[in-house]
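1. coordinates for the following, if possible.
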Amino acid sequence: MTALAMAWRAMRRGDLDAVADLADRIHPDLPEDRAVFAERLPLYPSGCRVLASDAEIAGYALAHPICYPHPPALNTLIGALPPLGDALYIHDVAIAPDMRGGGHAAAAIRALLALGAAFPRCCLISVYGTAPFWRRFGFTDASCDCAPGALAAYGADALWMVRLTPE
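-> A predicted model of the protein is given here:
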């Protein structure tokens, strides 16, 4: 992949197969059906982005409102956004392994945090030991806020993390 030609843009329906394929490669132990991505796109298009060139998708970012502290279960359709959503849930920021280290994830996270400024908080589930990465963006462990077992499908190291929106 060519790093210089890559830029973040709005996700399109035509990107969904490539996004699902990338998710399968990056998260083999946390599988999600293409339908999950296909559902989130029309529900909250401003939270759906891809890192792309003219020919390929090298990353994606997915976020949407939820009622804190209730993350959707892994690989689950949500049907609709909550009318009283009080948190922006960062579902995933994923970059192809050969494109990492170029600041692409940080750029996506800054954009999502700007989107999250409309909410009292942003939240996410940290997996694969990425909590130190998320702490750099102001997220802290709030796993005690989640219902027992809510993170079980995400692995033993999963943490519920939150970042309060500055006033």
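
2. now do the same for stretch 97-117: mean pLDDT, whole number.
-> Mean pLDDT, stretch 97-117: 96.

3. all numbers from here: first residue = 497
-> Okay, residue one is now 497; in that scheme the one you just asked about reads as stretch 593-613.

4. name the residues of it that are buried.
-> Neighbour-count burial for stretch 593-613, counted by 16 or more other Cβ atoms under 10 Å, picks out 595, 600-601, 603-605, 607-609, 611-612. The way it works is simple: take the backbone N, C-alpha and C, and place the C-beta from them, glycine included.

5. contacts for that stretch?
-> Residues outside stretch 593-613 that contact it (Cβ atoms under 8 Å, 6 or more residues apart in numbering): 497, 499, 502, 504, 522, 542-543, 545, 547, 554-555, 557, 559, 584, 586, 589, 591, 618, 629, 633, 659, 661.

6. then stretch 616-635?
-> The set of residues external to stretch 616-635 that reach it, using Cβ under 8 Å, 6+ apart, is 523, 526, 559, 562, 564-565, 567, 582-587, 601, 605, 608-609, 612, 637-638, 647, 650-651, 653-661.

7. narrow the buried residues of stretch 593-613 to those in helices?
-> Under the assignment DSSP state H, the buried residues of stretch 593-613 contribute 600-601, 603-605, 607-609, 611-612 to helices.

8. of those residues, closest to Leu512?
-> Taking Cβ to Cβ as the measure, Leu512 lies nearest Ala604 of those, at 17.6 Å.

9. neighbours around the residue nearest to the closest one when sequence neighbours are not counted, how many?
-> Take Ala604 and drop its neighbours on the chain: the residue closest to it by Cβ to Cβ, 6 or more residues apart in numbering is Ala557, 4.1 Å away. Neighbour count for Ala557, taken as other Cβ atoms under 10 Å: 25.

10. again, but for Ala592
-> Around Ala592 there are 18 other residues, counting by other Cβ under 10 Å.
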